[in-house]
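**Q** Quick one: sequence and predicted model below, then my questions.
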Amino acid sequence: MFKKYLLTAACLIGVLLAPVGALAQGQFKVLLFTKTDGFHHKAINEGVTAMRKMAQKHQFSLDWHEDANVFNDDNLKQYDVIFFLLTTGNILNDKQQGAMERFIQSGKGFVGVHSAADTEYDWDWYTQMVGRTFHIHPVNQTAEMEVLDRHFPGLERMPDNFWWTDEFYEFGTERIDTLNYILAVDPDSYDPYAKWGDKESQDMDFRPMAWYHEYDGGRAFYTALGHVPATYEDALFLEHVYGGLMWAASGKGLKVK
């Protein structure tokens, strides 16, 4: 019995003396980036809070930054996935862009939420990785969503069809032909029309809202949902984001078709 107590005490001492980093290590490490150079979404604060809670729940490590200087080869090598949350505009210089390209080419991942598609329009490599770029959106409203592919993780508990309130993006044409679509919004369930000066919405039968693909040696996941701050407390949305994050970071979760 005395030996058992000694062993237990030794284990506790070992835990207490272990480096903080060793205790904090998770199953993968995420660089969460929220820099904006244009519209600043009110939901950024709620999004960061939600991602921190998600990291605790799913046991992964998370660093949040808005300083683009973190995009260099030496710093990025510690991460498994780069997560652009509600970014806008031109947020990386040429050198920083090069570091991000090499990061993906090394076999790692990218996640983009909502206005990640309203980011870096002049960087062809990036727009191809995201897959499509933002064109216009109507007023926020409720519309019917449809799950297109249940082979991708994070959709297990989503109904085949469900009502959702958001700022529904309309996108330009595909920037690459490798996209796998997993969510779409029914254009007959809401009013998609918008006109901003010379820019006007198009008549489209297919309006995708989320997709994934393998890209330039790595993996990329994008969802257009996430404009409304309260969305970041919604379990279905958070499971959707985590499914994409897990796959982008590790390649796990995709079921064979």
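**A** Everything's here; your move.

**Q** mind checking the SS state of the closest residue in space to Tyr215 that isn't next to it in sequence?
**A** Leaving aside its chain neighbours, Tyr215 sits nearest to Met129 (5.0 Å; criterion: CB to CB, 6 or more residues apart in numbering). C-betas here are computed from N, CA, C, even on glycine. Secondary structure, DSSP: H, G, I helix; E, B strand; the rest coil: Met129 is helix.

**Q** burial measure for Met129, as a count.
**A** Using other CB atoms under 10 Å, Met129 has 24 neighbouring residues.

**Q** Same question for the one 10 residues further on.
**A** By other CB under 10 Å, the residues close to Val139 number 10.

**Q** tell me which element it falls in.
**A** Under the criterion DSSP states H and E, no helix or strand holds Val139.

**Q** contacting residues around it?
**A** By CB atoms under 8 Å, 6 or more residues apart in numbering, Val139 lies in contact with Ala194.

**Q** Return, as residue ranges, the portions of the stretch 1-150 of the chain with sub-threshold pLDDT.
**A** Along the stretch 1-150 of the chain, the parts satisfying pLDDT under 70 run over 1-25.

**Q** Now do the helices in it.
**A** Counting by DSSP state H, counting those that start in this stretch, the segments of the stretch 1-150 of the chain that form helices are 2-17, 20-24, 44-58, 73-76, 94-105, 124-130.

**Q** Show me what the fifth one is packed against.
**A** Identification of packing neighbours for helix 94-105 by 3 or more CB pairs under 8 Å, 6 or more residues apart in numbering; DSSP states H and E yields helix 73-76, helix 124-130, strand 218-223.

**Q** Now for Lys199: which residues touch it?
**A** Lys199 touches 135-136, counting by CB under 8 Å, 6+ apart.

**Q** Report pLDDT for it.
**A** pLDDT recorded at Lys199 is 94.

**Q** for the protein, which strand is longest?
**A** strand 207-215 (DSSP state E).

**Q** Neighbouring strands of it in the sheet, and parallel or not?
**A** Strand 207-215 sits in its sheet next to strand 180-185 (antiparallel), strand 218-223 (antiparallel), going by DSSP bridges.

**Q** Same question for it: list its buried residues.
**A** Judged by neighbour count using 16 or more other CB atoms under 10 Å, the buried positions of strand 207-215 are 207-213, 215.

**Q** And those residues, which is closest to Glu167?
**A** Met209 (11.0 Å; CB to CB).

**Q** Hmm, the closest one is touching Tyr222, no?
**A** No - under the criterion of CB atoms under 8 Å, Met209 makes no contact with Tyr222, lying 9.3 Å away.

**Q** and Phe39, what does it touch?
**A** When contacts are counted by CB under 8 Å, 6+ apart, Phe39 touches 88, 115, 118.

**Q** For His65, give the beta-bridge partners.
**A** Phe33.
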